[in-house]
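In: what follows is a predicted structure for the sequence shown.
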Amino acid sequence: MIIKGRWPRAVFYDSKTTLFDWGWSWKEAATQILAKHGSSVDFQAFRATWLRFFEGHHRRTAFSRYTPVTETIQEALVDTFKALNIDGSPDDIEEYRKLQAKVELFSETEEALQNQQDMGVKIIIYSDVEPEYLNMYVDKFKTFKPDFVGSTEQAGVHKPNPQTYYWVLRQMDLQARDVLYCAAPEFDVQGAMSAGLIAALLRRTTDGLLDNQAATAGIPPDYEIESLHDVTRILEVNRTA
């Protein structure tokens, strides 16, 4: 789908697994937790179970009271211990917390976002992670400065609830029709589309958590891309039309 004209006014990005390699911190935390407890549980089984519980809990919080995402991750970790008979404790979430300062940008992130901003497009970065961690990630930019950085904690509503996307639009005085949304998690994209945004699903080829290599359900995204540079190409077509 190609939108003709000087569109969009802004690109609205998910942060984790889209701009920043947040999945690495899950993988490393899982490795450290299994080593700490001397568990013989298969690493892939542990990580997949932790992820499954997290996704279930996280989607539930999107349509109930706001819960800090690290609490949801911790709840999922405790459920994983029970399911796999590991003698762990809620305090093991500290392995995940300590790794957040080490989450890095994906290799093309800064260049792509700078190129897009140089075309006169505002860059929005929005995340389910708490502001303390999001700020750590954003501080990894060397020279690029986003136009808006916000979190679902500030909005009080998680993705993929449409209300959380509307909150960002209000902060930026934008309409849904003004914005291109881009995320790697498919449920983020589905939520954005339900709020009326044109959306691009990023299919990274990486071992990070929450990678989406195949569509699972719902309405197909407006675009499917493999790199943030593909967003730049979408802008080049539309901003110069």
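Out: Here it is on my side, so go on.
In: switch to C-alpha atoms for all contacts and neighbour counts from now on
Out: Fine.
In: just the buried positions in whichever helix in the chain runs longest, please.
Out: Among the segments of the chain that qualify as a helix by DSSP state H, the longest is helix 43-61. For helix 43-61, a neighbour-count test (16 or more other C-alpha atoms under 10 Å) marks F46, R47, T49, W50, L51, F53, F54, E55, H57, H58, T61 as buried.
In: same deal with stretch 130-143?
Out: E130, P131, Y133, L134, Y137, V138, K140.
In: I'd say Q190 and P162 touch.
Out: No: Q190 is not in contact with P162 according to C-alpha atoms under 8 Å; the separation is 9.3 Å.
In: between those two, which one's more packed in?
Out: More crowded of Q190 and P162, by other C-alpha atoms under 10 Å: Q190, with 24 against 20.
In: circling back: so what does the next helix or strand after the longest helix of the chain touch, helix or strand wise?
Out: Counting by DSSP states H and E, the element after helix 43-61 in chain order, helix or strand, is helix 69-84. The contact analysis (3 or more C-alpha pairs under 8 Å, 6 or more residues apart in numbering; DSSP states H and E) places helix 69-84 against helix 43-61, helix 93-99.
In: which other helices and strands contact the shortest one?
Out: Helix 93-99 sits against helix 22-36, helix 69-84, with contacts defined as 3+ C-alpha pairs under 8 Å, 6+ apart.
In: any residues touching the longest helix of the chain, and which ones?
Out: Outside helix 43-61, the residues within contact range by C-alpha atoms under 8 Å, 6 or more residues apart in numbering are 26-27, 30-31, 34, 67, 69, 72-73, 75-77, 79-80, 84, 158, 160.
In: report the distance from stretch 156-170 to the chain centre.
Out: 14 Å (C-alpha atoms, centre = their mean, to the nearest Å).
In: same deal with stretch 131-145?
Out: On C-alpha atoms, centre = their mean, the centre of stretch 131-145 falls 14 Å from that of its chain.
In: average model confidence for that stretch?
Out: Per-residue pLDDT over stretch 131-145 has a mean of 97.
In: my guess is P90 contacts T72. True?
Out: No: contact criterion C-alpha under 8 Å: P90 and T72 do not qualify, at 11.2 Å.
In: pull out the buried residues from stretch 71-80.
Out: Those would be T72, I73, Q74, E75, A76, L77, V78, D79, T80, for stretch 71-80 by 16+ other C-alpha under 10 Å.
In: no, scratch that, I was asking about stretch 96-109
Out: Applying 16+ other C-alpha under 10 Å to stretch 96-109 flags Y96, L99, Q100, A101, V103, E104, L105, T109 as buried.
In: alright, calling it a day.
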